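K.L.:
need a structure here:
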Amino acid sequence: MSDRRRATQFEDLPEEIIVDQILIRLPSKDIGRCRAVSTSWRSATSTPQFMLEHRCRQPLLPIIDGQRKPSSYAFYTGAGASGQQLWPFLPGSETRYNALFASCDGFLIVNHGPQLYICNPVIRRHALLPLLLYGQGFVNIVIGFYRHHPTKDYRVLLVSQNYPKYSLHNLTVGSDESRHIKVTMPAVSLPSVEQKLLNGLINLRHCPPPVQHRGNLHWCPYGARDITEGGGDIIVFDTEAESFRWVRSPGQLCYNRKLFNMKGTLAFWGGLAPNFTVINVWVMQDYEAEIWAFKYRIDLSTVDSSRRLYTTSLKKKRKKKTPLDSTVTLFNDMAVLNDRELLIKFNGKHVLHCDIDGKFLGIVNLGTCQYQMSLTQHRFQESIVPIPYHGMQEEDEESPFYTGHV
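P.N.:
Coordinates of the predicted model:
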């Protein structure tokens with residue numbers, strides 16, 4: 001059958017079959033190619049309904065900090081047919097570091113120099129976010145990024161510091177002005193507690209990004225009890241009421257702990273000692289009643305290390321291979337991929353892929369090399385949705401926000 005006849009038969013298919021059954025299933029990169037083939041396909045794949053449904057079909061990819069070498073950040077995709085595991089999307093060097101502050105629905109907030117940008121690395125677009133306060137001594141810290149469900153707007157939650165004064169602000173993406181938010185806790189009648197919480201919000205920049213669940217942002221920072229005065233160790237921000245509250249975690253004695261999202265449920269993992277290899281995982285069984293249920297225990301000391309692995313260093317154009325011991329003697333961090341698979345940073349340097357039974361599935365690498373990396377707890381979902389910004393948007397052909405994937 002000739003290519004011309006195949007094309008004719010494809011074009012004869014009903015539009016709903018082409019759009020709703022074929023195009024919607026394509027990767028983002030192929031959507032871009034289809035848009036260049038046909039004006040009708042370009043129109044069909046550019047509707048808000050199509051773009052949102054396409055994004056919802058994409059997996060949530062963990063973002064790994066490449067420690068500047070060879071990139072600042074990369075998406076973990078798993079081992080595909082090409083063996084590629086990480087796709088770098090922010091360049092890095094010894095003298096320049098692009099920091100990732102937040103992620104939501106395929107949009108990232110990053111810095112380039114002193115400026116903050118919102119970018120979509122899939123469509124290679126970025127826009128400048130206006131700074132809240134200017135002048136010597138002013139610091140603006142991003143502590144949250146979310147979609148406001150009643151208005152469908154994307155909003156950035158920021159703390160402005162001009163020591164010793166702090167203020168909380170909300171910036172709607174697409175707007176040039178921020179809005180001041182008064183820190184309130186309806187369940188607490190003491191103004192001193194609200195002021196202490198406001199002063200402590202600046203420290204959220206040092207903890208993992210908030211977990212979004214049921215329209216709320218959840219943080220589990222170290223030292224939270226000092227802020228909440230023993231009321232709980234998870235800080236919750238209601239994005240609709242714009243008020244705070246706190247809840248208790250299931251493991252009050254955990255030395256290392258993180259919140260995460262497990263298939264739409266708020267979840268928590270933690271260990272009991274500084275140098276531990278056993279992790280307990282809980283899920284929120286009843287969100288309103290704040291009841292946690294134990295899920296499972298992971299013993300990382302059982303991870304199979306029989307396979308001989310190597311790290312590769314490139315010096316003076318010569319490859320030098322060094323044996324890598326994959327035995328987990330020190331657990332540093334974890335990112336959950338699905339019901340059974342995990343990414344584990346171990347021994348202070350490397351990241352491995354294993355399952356909850358301790359089965360070793362591989363070492364995470366960039367190309368053929370294992371670099372020192374960190375797990376950021378940020379997630380990325382590929383999206384072809386344009387940035388909701390009325391100002392000037394720039395297209396990225398090279399740095400500062402370049403990805404070699406799409």
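
K.L.:
for residue 54, grab phi and psi.
P.N.:
Note on residue 54: backbone dihedrals following degrees, to the nearest 10 are phi -60, psi -40.

K.L.:
what's the distance between it and residue 27?
P.N.:
According to C-beta to C-beta, to the nearest Å, residue 54 stands 10 Å off from residue 27. Any C-beta I mention is one placed from the backbone N, CA and C, and that applies to glycine too.

K.L.:
can you check residue 344 too?
P.N.:
Distance of residue 344 to residue 27, given as C-beta to C-beta: 28 Å.

K.L.:
compare those two (neighbour count), which wins?
P.N.:
Of the pair residue 344 and residue 27, residue 344 is the one with more neighbours under other C-beta atoms under 10 Å, namely 23 against 14.

K.L.:
model confidence for the more buried one, exactly?
P.N.:
At residue 344, the pLDDT value in this model is 87.

K.L.:
next one: residue 384
P.N.:
Looking at residue 384, the pLDDT reads 94.

K.L.:
again, but for residue 311
P.N.:
Here the pLDDT value assigned to residue 311 is 43.

K.L.:
buried ones in stretch 165-178?
P.N.:
Under the neighbour-count criterion of 16 or more other C-beta atoms under 10 Å, stretch 165-178 has 166, 167, 168, 169, 170, 171, 172, 173, 175, 178 buried.

K.L.:
could you do stretch 43-60 as well?
P.N.:
44, 45, 50, 51, 54, 55, 58.

K.L.:
now the first one: closest residue in space that isn't a chain neighbour?
P.N.:
What it means is residue 44. Nearest residue to residue 44, sequence neighbours excluded (C-beta to C-beta, 6 or more residues apart in numbering): residue 19, at 4.7 Å.

K.L.:
again with the last one
P.N.:
Closest residue to residue 58 apart from its sequence neighbours, by C-beta to C-beta, 6+ apart: residue 382 at 4.4 Å.

K.L.:
ends of stretch 42-51, what's the gap?
P.N.:
11 Å (C-alpha to C-alpha, to the nearest Å).

K.L.:
still on that earlier bit, redo the buried residues of stretch 43-60 as a markdown table? Include pLDDT and distance to residue 125.
P.N.:
Formatted as a markdown table, those follow (pLDDT from 0 to 100; distance: C-beta to C-beta, whole Å):
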| residue | pLDDT | distance to residue 125 |
| --- | --- | --- |
| 44 | 93 | 21 |
| 45 | 94 | 16 |
| 50 | 95 | 18 |
| 51 | 95 | 13 |
| 54 | 95 | 16 |
| 55 | 95 | 15 |
| 58 | 91 | 17 |
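
K.L.:
quick one: which of these is nearest residue 334?
P.N.:
residue 58 (22.4 Å; C-beta to C-beta).

K.L.:
Provide a list of residues in contact with the closest one.
P.N.:
Neighbouring residues of residue 58 by C-beta atoms under 8 Å, 6 or more residues apart in numbering: 28, 106, 381, 382, 383.

K.L.:
between the residues you listed, which is nearest residue 216?
P.N.:
Nearest to residue 216 among the contacts of residue 58, with distances taken as C-beta to C-beta, is residue 381, at 19.3 Å.
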